[in-house]
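In: this one's structure only:
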């Protein structure tokens, strides 16, 4: 309640200065309260610790006393039982069944049942009249215990006749000759119970001990027998010697604990002069505890005194707890005090943060608008430039002019690529990057990528090759554009940093790679550093690039062993023999806008965001990306990607068979490098050509001459083999020209660049790598005299002509250049194109009834943009549907015209907006002609 009262007081009306002073007084009062509370807590916890220490000592002392007493009772009971045995087998049997040997052997074997005794002895009662006869029977004289001389004459004697081996020295000693022993023996036979002597020094060990004595009677006596009756019935005395010091030490060792306890055992029969039986005078804790010991003799009293060996330590727990509590309380008070003092500052910061938040939101909106505007404003003129260049290529140009146009196109596409990278990075940061799902031919896509880099690789003279495993399906479902972007980024980096050697792209199914790893482990070939590469140069171990990929584990929905048969998990590796990545730069290789160093940026160019975009795209494809790089050796980038197998649905797609003009042909490849030969085999088999591989010209010539009726149509020779020995090459040409069983095979030399060409023996035909199916087919067609069965016009052109021929298409764009480019692209394939420059004109043209088959609508236009125009067109179509006049309804389906957005804004939000506003498709600028008819083909059928 007082806290509530203070809070109401300091939070009520008044100036901040008054409130701060009140809070300060509360803070000082709180410190005083915490100090008093800490001192009280320290006193209370110290007291509790002391009480706990006392309770621990009491428990430990009682436990030790109970254990000593229990062990003593066990030994006492066993000695009493032995007295009955002696009575039965010695006194009641004639002759006796017990002698010294039997007694010592028995007592030795049963010593474990008397853990506290160090020896047992039996003394027989002998009257003076029986002494002479007794001594003759025993063969020794009764001796005095103190002097060890023959015992003087007395009424009766108690010589020891049986003794355990440990105290066999007491045999023949009269136990009645000692004062303490005599008193003990007489009290034992009078009481009929076990009695203890006072502590005394044992003869042999000189350690403190006591003797427990039991009387052995001739017959069983009643419990109320008189002392005289007991004396008359006494046959002898059985005694057990207890070495108190050693036995108590053994028990304490068994109960050793972390807290050492000092234990003293006293005989307190005489309270004024207690006799210490065990222990020492070592000083310890001031607090001690006394446990009573009951050894069965009511006349003798024993106690165990216990105390801790160490004095109680400083109560650090109480001290630290109280100090910690004090510090925490003071900190809480200070936090409250500081918080209150900063209330005004916090309120000001809150207002400032609210304003900054509004500014940030406005900046984010402005950023999106800026990107959209920049995209549109740059792509609009680029669309015109690239479109006009494309149209210019369709005109009659000489070789020089065509080269100029290609150069201009390449520069324009490079600029577009840079714009795309920056916009992709913006979309990644905004979380708006999404993937498509469409059919695509992976091998054809890789051929296109090779075409992009073939000129650069030929100029550098480096080997550029692609290999796709037979396990990879012909057709996949995924985003071919983004997949192509990843491959292009990785190959582009390899081309930049590789001056010699090779760049090698491989694609496998993950299960295939896992299987090959298992086989290599079985064969002991885990180390791949010494394997032959494509160009013979050393390469980085590609296996290290996919270490830790979850696709190589058998768990997880995206693992390589997926239960969905339609899903294909591909692993793609791009291997090069370039400069490699310095070790210090490898940790930031996927960071946007980060490059190895400024010198690399100046020498090779680039923005440094290609790899970061690739990593994001791989993640969207449910894959992973990694790399291994060794400076001066090269790098290998590897990633996985998940696609859907489209070949399982034959009704959706039919893959193109190999060219029938090469079907059944046979070829011979001469190449000493297995990896390079595998690449050539892959491309030749795509054309339907059966191929055999040998490593040198001698083997090749033997193969040609030994084939018999099997005709070899062509021989492909790697330039390395051809240039090695001109004499051998000349002999090979002469030998193949004299083939007797048919037409000599055509000779082809595989070279990396035009610079490698020279005067070749026999003038064989040259195929310049990188190998691609289309390029290889064209080269073989020219050399073999084979023509396409469909003539010179590609099948795609024919299908587009059938698809677009006679279609009437409306193009709406405020930019005249864009209208010209789009119209020219569609007219090329027979479409009837009408162009308008505004949304209002488009509404007028598409007002039912009309005869247009499709409409391309620009989004950003003056007066009325494409969204508004599409909205009004859809409203007109809905009104037309509501009209039920006869003869009008049949034409309504034709008037629901497909409208495709056509804009230079490529932000994903624009695509979503187009779909939401009722448009049917989307084409970004700058675009190729194929983009236009690809969208239209979704609505038309040839």
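Out: Cool, the structure landed. Computed from a predicted structure; not experimentally measured. Residues are numbered from 1 along each chain as shown.

In: residue nearest the centroid of the protein?
Out: residue 548 (8.3 Å; Cα atoms, centre = their mean).

In: ok, now which ones touch that one?
Out: residue 626 (Cβ atoms under 8 Å, 6 or more residues apart in numbering). The way it works is simple: take the backbone N, C-alpha and C, and place the C-beta from them, glycine included.

In: Surely it is within a helix?
Out: No: looking at residue 548 with DSSP: H, G, I helix; E, B strand; the rest coil, it is coil, so not inside a helix.

In: Quick check on it: phi, psi?
Out: Backbone torsions of residue 548, given as degrees, to the nearest 10, read phi 90, psi 0.

In: Pull the contacting residues for residue 681.
Out: Applying Cβ under 8 Å, 6+ apart, the residues contacting residue 681 are 669, 691, 693.

In: out of those residues, who's nearest residue 914?
Out: Of all the contacts of residue 681, residue 914 sits closest to residue 691, with 49.5 Å by Cβ to Cβ.

In: Tell me how far the residue nearest to the centre of the chain lies from residue 123.
Out: 88 Å (Cβ to Cβ, to the nearest Å).

In: Going by neighbour count, which residues of stretch 55-73 are buried?
Out: Residues of stretch 55-73 classed as buried: 57, 60-61, 64-65, 68-69, 71-72 (neighbour count, 16 or more other Cβ atoms under 10 Å).

In: Pick out whichever of those sits closest to residue 895.
Out: Nearest to residue 895 among those: residue 60, at 103.4 Å, using Cβ to Cβ.

In: Secondary structure element holding the closest one?
Out: According to DSSP states H and E, residue 60 maps onto helix 16-86.

In: Low-confidence regions, the stretch 751-900 of the chain specifically.
Out: 754-762, 785-801, 884-894 (pLDDT under 70).

In: Show me the strands in it, by range?
Out: Using DSSP state E, counting those that start in this stretch, the strands of the stretch 751-900 of the chain run over 765-768, 808-812, 832-836, 854-858, 899-903.

In: elements contacting the first one?
Out: In this structure, strand 765-768 makes packing contacts with strand 746-751, helix 773-784, judged by 3 or more Cβ pairs under 8 Å, 6 or more residues apart in numbering; DSSP states H and E.

In: Nearest to residue 32, out of the strands of the stretch 751-900 of the chain?
Out: Nearest of the strands of the stretch 751-900 of the chain (Cβ to Cβ): strand 899-903, 74.2 Å.

In: so residue 508 makes contact with residue 442?
Out: No: using Cβ atoms under 8 Å, residue 508 is not in contact with residue 442, being 11.8 Å away.

In: what sits in contact with each of the two?
Out: residue 472.

In: ok, back up a step: would you point to the one among the helices and strands packed on strand 765-768 that's packed deepest?
Out: strand 746-751 (a mean of 21; mean count of other Cβ atoms under 10 Å).

In: Please enumerate residues in contact with it?
Out: So strand 746-751 is contacted by 671, 680, 713-719, 722, 733, 736, 757, 760, 762, 764-769, 771, 779, 783-784 (Cβ under 8 Å, 6+ apart).

In: Figure out the helix or strand that residue 534 lives in.
Out: Counting by DSSP H and E, residue 534 is part of no helix or strand.

In: How confident was the prediction at it?
Out: pLDDT, residue 534: 87.

In: what's near enough to touch it?
Out: By Cβ under 8 Å, 6+ apart, residue 534 lies in contact with 463, 465, 502, 504, 575, 673, 675-676, 679.

In: so where's the stretch 201-350 of the chain shaky on pLDDT?
Out: In the predicted model of the stretch 201-350 of the chain, residues 203-204, 256-259, 281-285, 344 satisfy pLDDT under 70.

In: so what's the residue nearest to residue 238 when sequence neighbours are not counted up against?
Out: Spatial nearest neighbour of residue 238, excluding adjacent residues (Cβ to Cβ, 6 or more residues apart in numbering): residue 83 at 4.4 Å. By Cβ under 8 Å, 6+ apart, the residues touching residue 83 are 214-216, 238.

In: what do you get if the cut-off is 10 Å, keeping everything else the same?
Out: By Cβ atoms under 10 Å, 6 or more residues apart in numbering, the contact set of residue 83 is 122, 194, 213-217, 235-239.

In: Look at the residue located most distally from the centre of the chain and give its secondary structure.
Out: Centroid-distance maximum for the chain: residue 129 at 99.4 Å, with Cα atoms, centre = their mean. Counting by three-state DSSP, the backbone at residue 129 sits in helix.

In: what ranges of the stretch 501-650 of the chain fall below the confidence cut-off?
Out: Counting by pLDDT under 70, the stretch 501-650 of the chain has low-confidence residues at 518-531, 553-565, 595-607, 648-650.

In: do you know how far the nearest residue to residue 394 once chain neighbours are set aside is from residue 85?
Out: Spatial nearest neighbour of residue 394, chain neighbours left out: residue 828 (7.4 Å); criterion: Cβ to Cβ, 6+ apart. According to Cβ to Cβ, residue 828 and residue 85 sit 128 Å apart.

In: Now for residue 916, how many residues are close by?
Out: Residues within reach of residue 916, counting by other Cβ atoms under 10 Å, total 9.

In: Pull the contacting residues for it.
Out: So residue 916 contacts residue 867 (Cβ under 10 Å, 6+ apart).

In: and the gap between it and residue 897?
Out: Between residue 916 and residue 897 the computed distance is 18 Å (Cβ to Cβ).

In: What separation is there between residue 46 and residue 316?
Out: Counting by Cβ to Cβ, the gap from residue 46 to residue 316 is 11 Å.

In: Please say which of the two ends up with more neighbours.
Out: residue 46 (17 against 10).

In: which residues of the stretch 51-200 of the chain fall in helices?
Out: 100-109, 131-138, 179-191 (DSSP state H, counting those that start in this stretch).

In: CSV for those helices, including mean neighbour count?
Out: As requested, the helices of the stretch 51-200 of the chain are arranged in CSV below (neighbours: other Cβ atoms under 10 Å):
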stretch, mean neighbour count
helix 100-109, 15
helix 131-138, 13
helix 179-191, 19
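
In: of all those, which lies closest to residue 354?
Out: helix 100-109 (95.8 Å).

In: Contacts for the closest one next, please.
Out: 82, 85-86, 89-90, 96, 98, 114, 117, 119-122, 138, 161-168, 171, 240.

In: re the thing from before, redo the helices and strands packed on strand 765-768 as JSON lines? Include distance to residue 861.
Out: Output for the helices and strands packed on strand 765-768, formatted as JSON lines (distance: least, Cβ to Cβ, whole Å):
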{"stretch": "strand 746-751", "distance to residue 861": "53"}
{"stretch": "helix 773-784", "distance to residue 861": "40"}
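
In: Which one of these lies nearest to residue 40?
Out: helix 773-784 (91.5 Å).

In: name the helices or strands packed onto the closest one?
Out: helix 442-460, helix 674-686, strand 714-718, strand 746-751, strand 765-768 (3 or more Cβ pairs under 10 Å, 6 or more residues apart in numbering; DSSP states H and E).

In: repeat that with 7 Å
Out: Identification of packing neighbours for helix 773-784 by 3 or more Cβ pairs under 7 Å, 6 or more residues apart in numbering; DSSP states H and E yields helix 674-686, strand 765-768.

In: Need the contact partners of the last one.
Out: Contact with strand 765-768 is made by 458, 746-751, 753-754, 757, 776, 779, 783, as judged by Cβ atoms under 7 Å, 6 or more residues apart in numbering.
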